[in-house]
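Trainee: Whatever this is, show me its structure:
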Amino acid sequence: MGVRADQIPLYKKEMYIAERESYLEVPTVHDKIYKVKTAVTGAGDKENQILGAGPLDRHVVEGQDVSFGSPKNGWEYLVKYWTYSSGITLTMEAVEDTVKLGNLLKELASTWGKQNRIAEEELGARAFNEGGTTAGDWVFNGTHTGQTDSSGAVLYDSISFFNVTGSTRATKGGGTYFNSVAATGDVSTDNFETIYTLHTETNAYDERDDIIENPADTILCKSATDKWKWERILKTPPSQGIPNSVSNDINPYFNEIPNIIKWRYLTDSADVFYMLKAQSRMAQFHKRKRPVLRFFRDENNLGYKVSNHLRMGLLFRDFRWCTRGGGTVT
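Mentor: Residues are numbered from 1 along each chain as shown. Below you'll find the predicted structure:
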């Protein structure tokens, strides 16, 4: 006994329910770090930065003319929507001999729900794990049909995501910047001050090198031990003094960064932590297509095939949203 044509839509519906239930059961971090966008189309996307108007002129005489100029272009941002897929073949005999085929298909769909979550987490974390690679990585390459990413496998300005003092990046205004300090990966108040100052002051300039606010609200780390250490520094009430200090000075770091997140998908072998502005439009996770599940007959051998695929990609519009302490540079 095979599968009737009218049974296939029913099985697919049950598979979608099972996939979605298991998908939502898996806790994730990527959607806490990136700004997630779902209403996207095509093979990828492209954005052009517009620097806009320059500084205002102070009028020194009455009736002074307004100075008009053309808006200037900044960087070009591209994202490619990568396709992920998996499939399973079921023989004709296996389907015919399975008493409860629907249960088998739901179990398969349930495992895919978890795997879809894992794929999203791995993609989101890869930008951090490979961000210090000077040659870049495919996760940053936005080349897609009809659009070539001129910066290749690094960030939009042809510099790696995390760059150190020996490899500074230049803005359109001519300033030079870096957002990674190699020797500051340990959890300590000194390293916190170094990265916090770099993030909120040194790099708090826009592409014209005008002063801006560059806030941070999240510390991202790779282990529970580091998370607990950061909590002792950032969550100890001022009345209890500075953590690990013999003095009675108040704790000036209390709640300076409100969110401390551990992400098990961070795999850098070196000591590392990241200070960032979570869910910023400067770092986007595009979900081009939700998981598509298929169950169909292979007429060549009369067996059946079950498949799952989805599409997604990362878009980066700035380097300032994240600053790294420690980490690997290769």
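Trainee: now the residue lying closest to Ala125 once chain neighbours are set aside, what's its secondary structure?
Mentor: Distance criterion CB to CB, 6 or more residues apart in numbering; nearest residue to Ala125, sequence neighbours excluded, is Tyr265 at 3.6 Å. (C-beta placed from N, C-alpha, C; glycine too.) The three-state label for Tyr265, taken from DSSP: H, G, I helix; E, B strand; the rest coil, comes out as coil.
Trainee: list the contacts for Tyr265?
Mentor: Applying CB atoms under 8 Å, 6 or more residues apart in numbering, we find Tyr265 in contact with Val29, Glu121, Glu122, Gly124, Ala125, Asn129.
Trainee: The second one and Lys227: what is the separation?
Mentor: From Glu121 over to Lys227 the distance is 17 Å, taken as CB to CB, to the nearest Å.
Trainee: for the third one, same thing?
Mentor: Glu122 sits 20 Å away from Lys227 when distances are taken as CB to CB.
Trainee: pLDDT weak spots in this structure?
Mentor: 1-11, 98-99, 239-248 (pLDDT under 70).
Trainee: which residues of this structure fall in strands?
Mentor: Along the chain, counting by DSSP state E, strands occupy 34-37, 44-52, 72-80, 82-90, 169-170, 176-177, 180-181, 218-221, 259-262, 272-276, 280-298, 303-316, 322-326.
Trainee: nearest residue to Arg281 other than its sequence neighbours?
Mentor: Here the residue nearest Arg281, using CB to CB, 6+ apart, is Lys35, at 5.4 Å.
Trainee: what's around Phe319, how many residues?
Mentor: 25 (other CB atoms under 10 Å).
Trainee: you'd agree it is up against Ser180?
Mentor: No: when contacts are counted by CB atoms under 8 Å, Phe319 is not listed as touching Ser180 (9.8 Å).
Trainee: Now list whatever residues contact both of the two.
Mentor: Asn163.
Trainee: so what's Phe192 up against?
Mentor: Phe192 makes contacts with Ile233, Leu234, Tyr253, as judged by CB under 8 Å, 6+ apart.
Trainee: Considering these, which possesses the most neighbours?
Mentor: Of those, with other CB under 10 Å as the count, Ile233 tops at 22 neighbours.
Trainee: on that earlier part again, any of the contacts of Tyr265 buried? List them.
Mentor: Neighbour-count burial (16 or more other CB atoms under 10 Å) applied to those gives Val29, Glu121, Gly124, Ala125, Asn129.
Trainee: TSV please, covering those and showing distance to Asp97.
Mentor: Shown next, in TSV, are the buried ones among the contacts of Tyr265 (distance: CB to CB, whole Å):
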residue	distance to Asp97
Val29	42
Glu121	37
Gly124	41
Ala125	42
Asn129	45
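Trainee: Looking at these, point me to the pair that's furthest apart.
Mentor: Val29 and Asn129 (13.2 Å; CB to CB).
Trainee: circling back: just the buried ones among the contacts of Tyr265: which are in helices?
Mentor: Glu121, Gly124, Ala125, Asn129 (DSSP state H).
Trainee: so what's the second one up against?
Mentor: Taking CB under 8 Å, 6+ apart as the contact definition, Gly124 lies against Val29, His30, Ile33, Tyr34, Tyr265, Phe285, Leu314.
Trainee: Please determine how far the second one is located from Trp230.
Mentor: Look at His30 and Trp230: by CB to CB, they are 20 Å apart.
Trainee: repeat for the fifth one
Mentor: From Tyr265 over to Trp230 the distance is 18 Å, taken as CB to CB.
Trainee: Same question for the first one.
Mentor: Distance of Val29 to Trp230, computed by CB to CB: 15 Å.
Trainee: Next: the last one.
Mentor: As judged by CB to CB, Leu314 and Trp230 stand 25 Å apart.
Trainee: which residues sit in contact with the closest residue to Gln279 other than its chain neighbours?
Mentor: With sequence-adjacent residues excluded and distances taken as CB to CB, 6+ apart, Gln279 is closest to Lys35, at 4.8 Å. The contact partners of Lys35, taken as CB under 8 Å, 6+ apart, are Gln279, Ser280, Arg281, Ala283, Gln284, Phe285.
Trainee: The same query, at a cut-off of 6 Å, please.
Mentor: Contacts for Lys35 (CB atoms under 6 Å, 6 or more residues apart in numbering) come out as Gln279, Arg281, Gln284.
Trainee: what is it paired to in the beta sheet?
Mentor: Lys35 has the following beta-bridge partners by DSSP bridges: Gln284.
Trainee: and the closest residue to Trp138 other than its chain neighbours, how many residues sit next to it?
Mentor: Leaving aside its chain neighbours, Trp138 sits nearest to Ala153 (6.1 Å; criterion: CB to CB, 6+ apart). Here the number of neighbours of Ala153 (other CB under 10 Å) works out to 18.
Trainee: Tell me the spacing between Ala153 and His30.
Mentor: 20 Å.
Trainee: ditto for Gly102
Mentor: 32 Å.
Trainee: neighbour-wise, which of the two wins?
Mentor: Neighbour count, other CB under 10 Å: between Gly102 and His30, His30 has more, with 20 against 14.
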